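**Student:** Give me a 3D structure for the following:
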Amino acid sequence: MVEADGAAYRIFYDAYFDRLSRYLLVVTGGNEDAAHEALQVALVRVVRHIKVFPNDAVFWSWLTVLARSSLSDQSRKRRRYLAFLERFTRYARAEGNYNDDSEADTKLLAFLERGMAALPPDEKDLVEQKYFARRPVREIAEELQISEKAVESRLVRVRRKLKDTMLAALKHETSS
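**Tutor:** Presented below is the predicted three-dimensional model:
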């Protein structure tokens with residue numbers, strides 16, 4: 001992996017993905033979404049910072065540190081995002097733009113709908129299947145004939161896209 005060998009990454013992935021996923025699931029107290037997001041970030045960090053380790057125990061320790069720090073970073077980002085939404089709501093009320101929570105919810109829903117409309121059809125369908133139709137990832141994966149992990153990875157990317165789109169819309173509206 002240090003030499004950017006794809007086969008070596010596949011061996012690493014096969015050997016450690018499930019183990020690291022279970023580890024993060026335990027650390028998050030069963031929060032699958034948080035565990036999967038942290039796992040994706042941790043895997044990217046592994047690729048970027050891989051080095052040679054003297055044995056498997058040291059390597060596993062390094063992986064768990066990467067995973068925990070990825071989880072902490074994701075939690076911090078989530079808290080900042082929620083704090084931003086809270087500040088936005090307070091600011092909007094102070095400016096008199098919204099009379100109550102239902103108007104703020106309506107505005108956020110409108111931003112979400114615009115973001116969904118901007119997604120490519122396959123990504124939009126994926127979000128609708130998972131969150132609106134509440135279908136399990138396993139069923140979606142079977143229908144698309146891909147792995148559950150691939151579905152989860154796609155969902156992470158689509159959620160990030162939607163979040164970025166909504167934040168840009170919120171920022172644009174507050175600056176107008």
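**Student:** CA only for contacts and neighbour counts going forward, please
**Tutor:** Will do.
**Student:** Return the worst-scoring helix or strand of the chain on mean pLDDT as CSV; C-alpha atoms alone will do.
**Tutor:** Lowest by mean pLDDT, DSSP states H and E among the helices and strands of the chain is helix 101-118, with a mean of 81. Extracted in CSV, the C-alpha atoms of helix 101-118 (Å, rounded to 0.1, in the frame of the first residue of the first chain):
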residue,chain,number,x,y,z
ASP,A,101,-40.6,27.2,13.5
SER,A,102,-43.0,26.0,10.8
GLU,A,103,-41.8,28.8,8.5
ALA,A,104,-38.1,28.0,9.2
ASP,A,105,-38.9,24.3,8.6
THR,A,106,-40.7,25.2,5.4
LYS,A,107,-37.7,27.2,4.2
LEU,A,108,-35.2,24.4,5.0
LEU,A,109,-37.5,21.9,3.2
ALA,A,110,-37.5,24.2,0.2
PHE,A,111,-33.7,24.2,0.2
LEU,A,112,-33.7,20.4,0.5
GLU,A,113,-36.2,20.1,-2.4
ARG,A,114,-34.0,22.4,-4.6
GLY,A,115,-30.9,20.3,-3.6
MET,A,116,-32.8,17.1,-4.5
ALA,A,117,-33.9,18.5,-7.8
ALA,A,118,-30.2,19.3,-8.7
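**Student:** quick one: average pLDDT of the very next helix or strand once past that helix?
**Tutor:** Following helix 101-118 in sequence order, the next helix or strand is helix 121-127 (DSSP states H and E). Across helix 121-127, the average pLDDT comes to 90.
**Student:** For helix 121-127, which residues meet the burial criterion?
**Tutor:** Buried residues in helix 121-127, counting neighbours by 16 or more other Cα atoms under 10 Å, are found at 123, 126-127.
**Student:** Which elements pack onto it?
**Tutor:** On a contact count with 3 or more Cα pairs under 8 Å, 6 or more residues apart in numbering; DSSP states H and E, helix 121-127 meets helix 148-175.
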